[in-house]
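Student: below: sequence and its predicted model.
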Amino acid sequence: MTAEKNKAIMLPDEVVMTKIFIVRGQKVMIDRDLAELYGVETKRLKEAVRRNITRFPEDFMFEMTKDEFLNWRTQFATSNADKQGLRYAPFCFTEQGVTMLSCVLNSERAIEINIQIVRIFTKIREALTNNLSVKLEIEEIKKKLKNQDKNIELVFTYLDELLEKQEEPESRKQIGYKLPKKD
C-alpha cells in the first residue's frame, strides 16, 4: 500500500499534462487516461460514473459525439493497441468532473492522483492568466509608444518650422563688459 501511495505522489506533472486535451473549448481528460492514472479499468470507471450520473452535470462531464470522437482520433495518430481502448466515444471530464470522480471512486490512489491533477489544472489556469496579463501590459505599452511617436513627430515638426523661420544671423553688436580702449 505504501509503495502504491508513493507511486501516486511520484507521478511527473508532464505525464498528467499530456493527458489534458481541449474538447468543445474546454480542458478535459478522457476516461481511459483517468482510469489508467487511478489504477482501475475504464469499464469500471464508466460504470461508477453511470451509477452516480447525477453527480456529473454537462459542465463536469460529457461524452464525445461521433464526429468529435473521429476528429479526436485522427488528430492523435493512435496505434492499433491504443484504438482497442477507443472503440466507444470516451467520457470527457472537466476539472470539476475530475474532482467529483475521486469522490465516486473513493480509493486512496484516486484521491492522491486527483489532488495532483487539480494542482496541474490550477497551474495551467495561472499560466494562462499570467500570459493574458502580460499581453495586456504589452498592448498598453504599444499604445503609449504610439502616442510617444506622435509627440516626437510633433516636436520635429515644430523644430522644422523654427529652422525655416530662422534667418541668417546679422552682425550684432557685442554686449557685455567692454574694456576701455588704449590709445
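Tutor: That came through fine. Numbering: from 1, shown residues only.
Student: which residues outside stretch 98-112 are in contact with it?
Tutor: When contacts are defined by C-beta atoms under 8 Å, 6 or more residues apart in numbering, stretch 98-112 is touched by residues 1, 4-5, 8-9, 29, 34, 38-40, 45, 48-49, 51-52, 55-56, 60-61, 93, 113-114, 117-118, 121. In this view, the C-beta of every residue, glycine as well, is placed from N, C-alpha and C.
Student: ok, of these, which come out buried?
Tutor: Buried members of these, counted by 16 or more other C-beta atoms under 10 Å: 8, 29, 34, 38, 40, 45, 48-49, 56, 60-61, 93, 113-114, 117, 121.
Student: let me know the secondary structure of residue 29.
Tutor: On the three-state scheme (DSSP: H, G, I helix; E, B strand; the rest coil), residue 29 is labelled strand.
Student: the protein: strands as residue ranges?
Tutor: 20-23, 26-30, 61-63, 91-93 (DSSP state E).
Student: comparing those, which comes out most buried?
Tutor: strand 91-93 (a mean of 24; mean count of other C-beta atoms under 10 Å).
Student: relative to that one, what are the paired strands and their orientations?
Tutor: Applying DSSP bridges, strand 91-93 is found paired with strand 26-30 (antiparallel), strand 61-63 (antiparallel).
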